[in-house]
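1. Sequence and predicted structure are below.
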Amino acid sequence: MSQATFDSYLLAVQQLEERQRQLDLQLEHYGNQDPYREPVGWLRCFKGIDTVTAVALVAELHDFRRFRSARALMSYVGLVPSEHSSGGRERRGPSPRPAIVTCEDYWSRPPGTIAIGR
């Protein structure tokens, strides 16, 4: 009975991995077409950013010129710690907005591994 359960879960994971692979291929296809080709190419120059991450950033940010500075952009995506307090209550710790850049790190880990305390 436990082997049948394991086999069922393994098949579900394999199907999800195949679905993710298909979605990644579609994103790469869109990333190689206008109007995404140029900004995706720029972002791929940065270490750790590949096509899927670059497409996600371009899709979310639309136009990079709307940010006054690189610091404003990094703050928006949650990569720069900041605090804007208006009262006695202070918030410290990680940003509530997850950084898109770490998504690729998650999917590139071998199956069955868990990242703790990154």
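-> Thanks, I have it. Residues are numbered from 1 along each chain as shown.
2. gap between residue 71 and residue 77?
-> Noted for residue 71: a distance of 11 Å to residue 77, by Cβ to Cβ, to the nearest Å. C-betas here are computed from N, CA, C, even on glycine.
3. Compare these two (neighbour count), which wins?
-> Shown here are residue 71 and residue 77; by other Cβ atoms under 10 Å, residue 77 has more neighbours (17 against 12).
4. Look up phi and psi at that one.
-> Backbone geometry at residue 77, expressed as degrees, to the nearest 10, gives phi -90, psi 0.
5. And it, what's its pLDDT?
-> Predicted confidence (pLDDT) for residue 77: 78.
6. swap in residue 73?
-> For residue 73, the model assigns a pLDDT of 83.
7. Spatially nearest residue to it, not counting backbone neighbours?
-> Closest residue in space to residue 73, ignoring its immediate chain neighbours: residue 67 at 4.2 Å, by Cβ to Cβ, 6 or more residues apart in numbering.
8. Touching, that neighbour and residue 77? I think so.
-> No - applying Cβ atoms under 8 Å, one finds residue 67 not in contact with residue 77, separated by 9.9 Å.
9. list the residues that contact both of these two?
-> When Cβ atoms under 8 Å, 6 or more residues apart in numbering defines a contact, no residue borders residue 67 and residue 77 alike.
10. Which stretches in the protein count as helices?
-> Secondary structure of the chain (DSSP state H): helices at 2-31, 37-44, 51-61, 70-76, 101-108.
11. Tell me which of these is the most buried.
-> Highest mean neighbour count among the helices of the chain (mean count of other Cβ atoms under 10 Å): helix 51-61, with a mean of 19.
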